[in-house]
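J.: Need a 3D model of the following:
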Amino acid sequence: MASTDFGLHPFIDADGDKLREECGVFGVIGARDAAAVTALGLHALQHRGQEAAGITSFDGTEFFTRRGMGHVAENFSTGEAMAELPGEMAAGHVRYSTTGGSGLRNVQPLYADLASGGFAIAHNGNISNAMHLRADLVRKGAIFQSTSDTEVIIHLVATSRYPTMLDRFVDALRLVEGAYSLIVMTNDGMVACRDPLGIRPLVMGRIDEGDCKGATVFASETVALDIVGADFVREVEPGELIEVDFDGSVRSHRPFGTPASRPCIFEHVYFSRPDSISGGRSVYSVRKEIGAQLAIESPADADIVIPVPDSGVPAAIGYAQESGVPFELGIIRSHYVGRTFIQPSDGQRTTSVARKHNANRALVEGKRIVLIDDSIVRGTTSLKIVQMMREAGATEVHMRIASPPTMHSCFYGVDTPERSKLLAARMDVEAMREFIQADSLAFVSIDGLYRAVGEDGRKSKCPKYCDACFTGDYPTRLTDLSERETPQLPLLGEKAA
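T.: This is a model prediction of the structure:
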């Protein structure tokens, strides 16, 4: 999902121990059959959102939208579906739902006919002051069609007093707090932007051959560029708006200056696909290095290293290589278990764990094992997997986690439980070890995590990443934008940064 639905709390993975990115966005302009290109790009981003998918296209005269619940392939795999989406510009979105928030009215891109023309928007992130903005807009007569915070941006654009669409868009974003990567389509072309802190990711690419030669592409991850045959150009910079016209001209605007960025460090830990590049670094290589840091900081006297599939695999490889303890696939995951949502009881939730994972008994029996996972949220899955290893005959189970303890909720587009349900917020490491019934438990340190992404360590006065879920240090906007001021024209005008 782009964002948190109002007054509702997001679903957590049925296991209870995986933080979930809320959505993925993709856009292309200047491509023949742009919607087909977008559908292919969304396939590569399916891991970022599996509840629903949508695509909006523009044929130069009219906007067309197709949205549906379920995976991309369920909604955009036929010629008939693609025929509903003509044009050389399209944007798409994959999302996770929230409690009470599923349904087609919240599936993006969202579209509105404004006085100046069509306006379609796809959003990854979370607008933290959306409820305040929404309440103010409703008092002034706005009528909302969804419960998504993304719709707030549409209303802010519609009510702005600036003369051009781009300036109205910037005016709206100056009122917005939180995290966002946005792809917007208008009658004039496409605009892509990131919030001033760059919390959520967005990259830019170009297709230089075939029927789509000259097309500009935007996506949440570089892997989506790879799958559509686009060359990586660069990341959209924090606070940057990139405007692309139908003639292929590209203009960059910096309406928010150049504040220090704070991209989400959990992209490296879990969210991004391992074959993506984030912040100029291979996600796979960073995850291996996190495992190596774990081995240095928290060695264990063991016979084999076992990943909790699939997210623990790269870190487990790094741990094994650094420690010299052999890497083995001691847990086999079924890839044919459908995504299940949080159940009303822990008993039902743990049933889904058993269906997803099974111990490789012949390998585990009689062994001292190190289990590597990316995170612990509630602790339920970790407990069941430790029990599974013991039942399979493991003599010792040492759990190692490839991130620091998750002690705080995220307000920037990641679905986490309230803090009272985070295991690390309620217990110290020893109590957590007892809870999951492991022989030992250790997390990579915050400095070790920063070293894995190429830093010397975390600089508390100016951390390079948003790591609030570990540290409670929430990034803030540099200026108080809660009160809307009388516009001082022009905002951007014809000037490009």
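J.: Check the offset of stretch 43-56 from the chain's centre.
T.: Mean C-alpha position of stretch 43-56 versus that of the full chain (C-alpha atoms, centre = their mean, to the nearest Å) differs by 11 Å.
J.: I'd like the mean pLDDT over that stretch, please.
T.: Averaged across stretch 43-56, the pLDDT comes to 95.
J.: For it, buried residues please.
T.: 43-45, 47-56 (16 or more other C-beta atoms under 10 Å). The C-beta positions use only the backbone N, C-alpha and C, and glycine is treated the same way.
J.: Now the two most distant members of those residues.
T.: H47 and T56 (21.9 Å; C-beta to C-beta).
J.: re the thing from before, would you turn the buried residues of stretch 43-56 into a markdown table with secondary structure and distance to K461?
T.: Output for the buried residues of stretch 43-56, formatted as a markdown table (DSSP: H, G, I helix; E, B strand; the rest coil; distance: C-beta to C-beta, whole Å):
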| residue | secondary structure | distance to K461 |
| --- | --- | --- |
| H43 | helix | 42 |
| A44 | helix | 37 |
| L45 | coil | 35 |
| H47 | helix | 34 |
| R48 | helix | 32 |
| G49 | coil | 35 |
| Q50 | coil | 39 |
| E51 | coil | 39 |
| A52 | strand | 41 |
| A53 | strand | 42 |
| G54 | strand | 42 |
| I55 | strand | 44 |
| T56 | strand | 43 |
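J.: Just give me the closest of the residues you listed to L329.
T.: When these are compared against L329 (criterion: C-beta to C-beta), the nearest one is H47, at 20.3 Å.
J.: out of everything not next to it in sequence, what's closest to the closest one?
T.: R273 (6.1 Å; C-beta to C-beta, 6 or more residues apart in numbering).
J.: Starting from the biggest strand by length in the chain, tell me which strands it pairs with and how they run.
T.: When the chain is parsed with DSSP state E, its longest strand is strand 117-127. Here strand 117-127 has these sheet partners by DSSP bridges: strand 110-114 (antiparallel), strand 178-186 (antiparallel).
J.: Restricting to C-alpha, output the last one in CSV.
T.: Spelled out, that is strand 178-186. Written as CSV, here are the backbone C-alpha positions of strand 178-186 (Å, rounded to 0.1, in the frame of the first residue of the first chain):
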residue,chain,number,x,y,z
GLY,A,178,6.4,11.7,6.5
ALA,A,179,7.8,9.5,3.7
TYR,A,180,6.9,9.3,0.1
SER,A,181,8.1,8.2,-3.3
LEU,A,182,5.6,9.3,-5.9
ILE,A,183,4.9,8.7,-9.6
VAL,A,184,2.3,11.2,-11.0
MET,A,185,0.8,11.3,-14.4
THR,A,186,-0.9,14.4,-15.9
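J.: Between strand 117-127 and the next helix or strand after it, find me the angle.
T.: Going down the chain from strand 178-186, the next helix or strand is strand 189-194, by DSSP states H and E. On the basis of axes from the mean of the first three to the mean of the last three C-alpha atoms, to 10 degrees, strand 189-194 is oriented at 10 degrees to strand 117-127.
J.: Please pull up the helix or strand immediately following strand 189-194.
T.: strand 203-207.
J.: For that next one, name the packing helices and strands.
T.: Helices and strands touching strand 203-207, by 3 or more C-beta pairs under 8 Å, 6 or more residues apart in numbering; DSSP states H and E, are strand 215-219, helix 222-227, strand 231-235.
J.: Just give the nearest non-adjacent residue to R361, would you?
T.: According to C-beta to C-beta, 6+ apart, the nearest residue to R361 is A392 (4.5 Å).
J.: again, but for G448
T.: Q293 (3.8 Å).
J.: Go ahead and confirm the one you found touches V444.
T.: Yes - here Q293 reaches V444: they are 5.4 Å apart, a contact under C-beta atoms under 8 Å.
J.: anything in contact with each of those two?
T.: A452 (C-beta atoms under 8 Å, 6 or more residues apart in numbering).
J.: Can you pick out the residue with more neighbours from these two?
T.: More neighbours surround V444 than the other of Q293 and V444, with 28 against 23 (other C-beta atoms under 10 Å).
J.: give me every residue that touches the nearest residue to the more buried one once chain neighbours are set aside.
T.: Distance criterion C-beta to C-beta, 6+ apart; nearest residue to V444, sequence neighbours excluded, is L294 at 4.9 Å. When contacts are counted by C-beta under 8 Å, 6+ apart, L294 is found next to A315, G318, Y319, I372, R400, I401, A402, A442, V444, G448.
J.: sorry, back to before: name the next helix or strand downstream of the longest strand of the chain, please.
T.: Moving toward the C-terminus from strand 117-127, the next helix or strand (DSSP H and E) is helix 130-139.
J.: What helices and strands are in contact with that following helix?
T.: helix 150-159.
J.: Looking at the next helix or strand along the chain from the helix it packs on now, give me its mean pLDDT.
T.: Next helix or strand after helix 150-159 toward the C-terminus (DSSP H and E): helix 165-173. Averaged across helix 165-173, the pLDDT comes to 95.
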